[in-house]
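In: below is the sequence, then the predicted model.
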Amino acid sequence: MRKFWNWVRDETTGERTLYLNGEISDETWYGDEVTPKMFRDELMAGTGDVTVWINSPGGDVFAAAQIYNMLMDYTGKVTVKIDGLAASAASVIAMAGGDVYMSPVSMMMIHNPSTIAIGDSEEMLRAKALLDEVKESIINAYELKSGLSRAKISHLMDAETWMNANKAIELGFADKVLFMENDERIPLDTGQGLIFSRAAVYNSLLGKMPKKPKPKTGTPIEQLEKRLFLISH
């Protein structure tokens, strides 16, 4: 089985580094998923502060919740570094970092949870109720880290929001940009933040579509023919 993530220890400081790469799942099928059991085994294999590097498109929200809880409950300091992508459920795990660093070329994405449901209308309603509660639990993690209002976070999730490092810092989802001199925080008034919203793009495209032209009003052809007939006679 191929192992896509593992950990290393800095022998001088004793700090451990864990690499969380790939999809998050409650069980592994192809050997490239990260499961709560795998993560727990690596996390509890030692003590001291840990740095978790994340590059993941997300996955199972309940598996991610378990990993988030493990990091929040860990006795040592937890630092999260996003070197590529922390999307969907992976962004929830990132919220467990006391300090969250993002590479200048990394991205973070948050959106509403989704599922597949089969059955009658009652089953559909139960699925919707479950998704609503799952969304509220996700907002709990985002709110705790960012300090944003629940309404603001809900709107960002509704729109499927993509953030670069600067924008994530501006909104409170991250703290610092990797590789900056002295690890200084980017000033919030630089105007360098980028946010992408699927819903905003869709609405913008709709607004730019040409509207159906109104029918032209004028003199009917029959009246013009009648006037020409009168003039000619």
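Out: Okay, I see it. Residues are numbered from 1 along each chain as shown.

In: show me the strands in the protein, by range?
Out: In the chain, the segments counted as strands under DSSP state E are 7-9, 16-21, 50-56, 78-87, 99-102, 107-110, 161-164, 176-177, 195-197.

In: so what would you say the end-to-end distance of stretch 112-119 is?
Out: Terminal residues of stretch 112-119 lie 22 Å apart, using CA to CA, to the nearest Å.

In: list the buried residues in it.
Out: For stretch 112-119, a neighbour-count test (16 or more other CB atoms under 10 Å) marks Pro113 as buried. For the C-beta atoms, the positions are set from N, CA and C on the backbone; glycine is no exception.

In: how far does that stretch sit from its chain's centre?
Out: 18 Å (CA atoms, centre = their mean, to the nearest Å).

In: what's it in contact with?
Out: Contact with stretch 112-119 is made by 61, 123-124, 126-127, 130-131, 134-135, 138, 157-158, 160, as judged by CB atoms under 8 Å, 6 or more residues apart in numbering.

In: spatially, what comes nearest to Leu130 if we skip its sequence neighbours?
Out: Once flanking residues are discounted, Leu130 sits nearest to Thr115: 7.1 Å by CB to CB, 6 or more residues apart in numbering.

In: cool, Ser154 as well?
Out: Leaving out its chain neighbours, the residue that sits closest to Ser154 by CB to CB, 6+ apart is Ile139, at 6.4 Å.

In: got it, and Val78?
Out: Nearest residue to Val78 in three dimensions, chain neighbours excluded: Leu71, at 5.0 Å (CB to CB, 6+ apart).

In: no further questions, thank you.
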